[in-house]
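Undergrad: With the input below, show me the fold.
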Amino acid sequence: MTQAMIPCDTSATKVAAARPRVALAEDDFLLGSALQERLSERGMSVYGFSRAASLLEALGRGLVIDCIVSDIRMPELTGLDLQRELTSRNNPTPLILITAYGEVELAVTALKQGAHDFLLKPVWEQRLIASIESAVDENSRRRSGQAEIAELRRRVADLSERQRQVMELAVQGRTNKEIAMLLKISFRTVENYRAWVMERMGADNLADLVRMAARIGL
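TA: Numbers count the residues shown, from 1 in each chain. Alright, predicted model coming up:
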């Protein structure tokens, strides 16, 4: 397995989102080549590396992937080192570790520290595929959640100061009458502000608004 079997530059980010992007870190050339071939046949875009350091460099240059599969025993940086480095970089990409029987304890430790899964050698294709699909789904949900939160924060930022005040009090459970007294405005004005807040936030009811506020820590 070469340093990077598939060139790893910013063009990697152009791969269609519907095609899972998998980074494979494996220093065993034969195993790495076989896994890369199998995953490619299953419709995945695979970026192969013989060193974890090379993968980290590619990520630093902008490589976007949905899942990482790494041997736990690697030259220079091990799979556990890779996990620690990803954590230090706040990179939440799901990590699947490949391990031998004598390394199960290490793999269990990695799971406790946030790894998605570990696979024992010899690696069974169906087990690997299932684990990758699970990891990709997890990553997709995470990214979707981040996008939703960013959109909610944008909507709040678009509110006027008074509208935000009304929203904050409403999600605290305050009635319109109480909000009017606290803000020293008319009951009718509170009703109008509250209607604008519901519309601009895209909330159908107060429960929706409370959930939205909770998601962004308001």
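Undergrad: The protein: strands as residue ranges?
TA: For the chain, the strands defined by DSSP state E cover 21-25, 45-49, 67-71, 95-99, 117-120.
Undergrad: TSV for the ones you listed, including mean neighbour count?
TA: Backbone N, C-alpha and C define where each C-beta goes, glycine included. Formatted as TSV, the strands of the chain follow (neighbours: other CB atoms under 10 Å):
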stretch	mean neighbour count
strand 21-25	26
strand 45-49	23
strand 67-71	27
strand 95-99	25
strand 117-120	18
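Undergrad: Give the other helices and strands that the longest helix along the chain contacts.
TA: In the chain, taking DSSP state H as the definition, the longest helix is helix 125-157. Helix 125-157 sits against helix 29-41, strand 67-71, strand 95-99, strand 117-120, helix 187-201, helix 206-215, with contacts defined as 3 or more CB pairs under 8 Å, 6 or more residues apart in numbering; DSSP states H and E.
Undergrad: What's the end-to-end length of stretch 56-66?
TA: Stretch 56-66 has an end-to-end distance of 14 Å (CA to CA, to the nearest Å).
Undergrad: same question for that stretch, mean pLDDT?
TA: The predicted model gives stretch 56-66 an average pLDDT of 93.
Undergrad: Nearest to residue 196 among the strands of the chain would be which one?
TA: Nearest to residue 196, of all these, is strand 21-25, at 41.5 Å by CB to CB.
Undergrad: same for the closest one, what does it pack against?
TA: Packed next to strand 21-25, using 3+ CB pairs under 8 Å, 6+ apart, are helix 29-41, strand 45-49, helix 52-60, strand 67-71.
Undergrad: got those as JSON lines, with distance to residue 169 columns?
TA: Listed next are these as JSON lines, based on distance: least, CB to CB, whole Å:
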{"stretch": "helix 29-41", "distance to residue 169": "53"}
{"stretch": "strand 45-49", "distance to residue 169": "49"}
{"stretch": "helix 52-60", "distance to residue 169": "44"}
{"stretch": "strand 67-71", "distance to residue 169": "44"}
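Undergrad: Look up how far residue 28 lies from residue 202.
TA: Distance, residue 202 to residue 28, using CB to CB, to the nearest Å: 51 Å.
Undergrad: between those two, who's got more neighbours?
TA: residue 28 (16 against 12; other CB atoms under 10 Å).
Undergrad: How far does the helix or strand of the chain with the lowest mean pLDDT sit from its chain's centre?
TA: Lowest on mean pLDDT, DSSP states H and E among the helices and strands of the chain sits helix 104-112, with a mean of 81. Chain-centre distance of helix 104-112: 21 Å, with CA atoms, centre = their mean, to the nearest Å.
Undergrad: Look up how far residue 65 lies from residue 197.
TA: The value you get for residue 197 to residue 65, if CB to CB is used, is 39 Å.
Undergrad: actually residue 140, not the one I typed
TA: Remark: distance between residue 140 and residue 65 (CB to CB) = 12 Å.
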